[in-house]
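> sequence first, then the predicted structure:
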Amino acid sequence: MPNLLLSLIAFVAYSLLAVYFWRQNARGECDEACRGMVGQLSLIPIVLHGYLLWLGIFSAGGIDLGLFNALSLIVWLTLLVYWVARFFYPIGGLQALVLPLAAVTLLLPGVFPADHPLSHTELFVFKAHIAVAMLAYSLFTIAMLHAVMISLVEKRLHHATLPRVLRSLPPLLTMEKMLFRVIGVGFVLLTLTLVSGVLYSEEIFGKPWQLSHKVLFGFISWCVFGVLLWGRAARGWRGRLAVRWTVAGFLFLIMAYLGSKFVLELLLHR
């Protein structure tokens, strides 16, 4: 019952902040002070959300990273990274856009309860693998959101119309710089995820590589983002081309972990 109450409080807080932000934007009254207030107050549901994730994931002395726990964790980390980054970049509007998604994913583990404890969770290499992988997912989620916003802004600029919610975003060139910085850090974390996965496989199964769709899609995603970073540095890739490569890399990454979780847990009930 206490967990349910905390979930409802966090859900209502996320929802109210999101509604306030969108209403103020619709009226053209969401200035920097408005976005700053939404950002500051969002810390309350973020803390509650994190506490609930801790209780749900580290249950019964193990680690439960089922589909909905993993999805909620990725969105929470995305929102947390945005909350910290807002002190260095003018991205209060982007943070507010994630609030409705955070409200929904917060409730998913409670609405669809399922126990999917992971094995070998006592190993340090496994814990490091999971931590780095989840952070990489959150950064590439941010990259995906940035790519979508860049695409929307470019299309609207060609038609000389820009919705109020997009007017609060940083300039297009700033957004692109932020996009590639996020992708660069995410690429390093994804590399560490693949390397730690090899070490984990070596320690558990006695061989460094277990070919599976998860490994395959993860490696394809790594290659896509690697080529994108090379294209940016060597050929100056930007705009729609960069957006397409970002979306492609993100989709392969989603299929690598969340896609496999969806098939195994919801379709095959394993």
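Now that the structure is in, tell me what you want to look at. Numbers count the residues shown, from 1 in each chain.

> which residue ranges of the stretch 1-150 of the chain form helices?
Ranges of helices in the stretch 1-150 of the chain, per DSSP state H, counting those that start in this stretch, are 2-26, 32-41, 43-57, 67-85, 92-111, 124-158.

> helices or strands next to the second one in the packing?
By that I understand helix 32-41. helix 2-26, helix 92-111 (3 or more C-beta pairs under 8 Å, 6 or more residues apart in numbering; DSSP states H and E). All C-beta spots, glycine's among them, are computed from the backbone N, C-alpha and C.

> quick one: contacts of that helix?
Under the criterion C-beta atoms under 8 Å, 6 or more residues apart in numbering, residues 13, 17, 20-21, 24, 83, 86, 90, 92-93, 95-96, 99, 168 lie in contact with helix 32-41.

> okay, now the closest residue to Gly50 other than its chain neighbours: neighbour count?
Excluding the flanking residues, the one nearest Gly50 by C-beta to C-beta, 6 or more residues apart in numbering is Trp76, at 6.2 Å. A count of nearby residues for Trp76, using other C-beta atoms under 10 Å, gives 22.

> I figured Trp76 hits Leu99, correct?
No - counting by C-beta atoms under 8 Å, Trp76 stays clear of Leu99, with 11.7 Å between them.

> can you tell me how far Leu189 sits from Ser196?
Counting by C-beta to C-beta, to the nearest Å, the gap between Leu189 and Ser196 amounts to 10 Å.

> any residues in contact with both of these two?
Common neighbours of Leu189 and Ser196 are listed as Val132 (criterion: C-beta under 8 Å, 6+ apart).

> between the helices of the stretch 1-150 of the chain, which gets nearest to Arg232?
Nearest to Arg232 among the helices of the stretch 1-150 of the chain is helix 124-158 (12.4 Å), distances taken as C-beta to C-beta.

> what's the closest one packed up against?
Judged by 3+ C-beta pairs under 8 Å, 6+ apart, helix 124-158 is in contact with helix 67-85, helix 92-111, helix 164-167, helix 172-205, helix 239-254.

> and the second one, how far from the chain's centre?
Relative to the chain's own centre, helix 92-111 is displaced by 11 Å; criterion: C-alpha atoms, centre = their mean, to the nearest Å.

> which other residues reach that helix?
Contact partners of helix 92-111, identified using C-beta under 8 Å, 6+ apart, comprise 3-4, 7, 10-11, 14-15, 17-18, 21, 30, 32, 35-36, 38-39, 42, 45-46, 49, 52, 56, 66, 68-69, 71-72, 75-76, 78-79, 82-83, 86, 145-146, 149, 165, 168-169.

> and Val215, how many neighbours does it have?
Neighbours around Val215, by other C-beta under 10 Å: 16.

> same check, this time on His213
For His213, using other C-beta under 10 Å, the count is 12.

> circling back: give the buried subset of the contacts of helix 92-111 as a PyMOL selection command.
Applying 16 or more other C-beta atoms under 10 Å to those, the buried members can be selected in PyMOL as follows:
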select buried, resi 7+10+11+14+15+17+18+21+30+35+38+39+42+45+46+49+52+56+66+68+69+71+72+75+76+78+79+82+83+86+145+146+149+165+168+169
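
> just for this structure, where's the confidence low?
Applying pLDDT under 70 to the chain flags residues 1-2, 26, 28-30, 59-62, 92, 113-122, 156-168, 201-212, 258-270.

> ok, the residue nearest the centre of it - contacts?
For the chain, the residue nearest the mean C-alpha position is Ser138 (2.9 Å; C-alpha atoms, centre = their mean). Counting by C-beta under 8 Å, 6+ apart, Ser138 makes contact with 74-75, 77-78, 80-81.

> also Leu241?
Leu241 makes contact with Gly231 under the criterion C-beta under 8 Å, 6+ apart.
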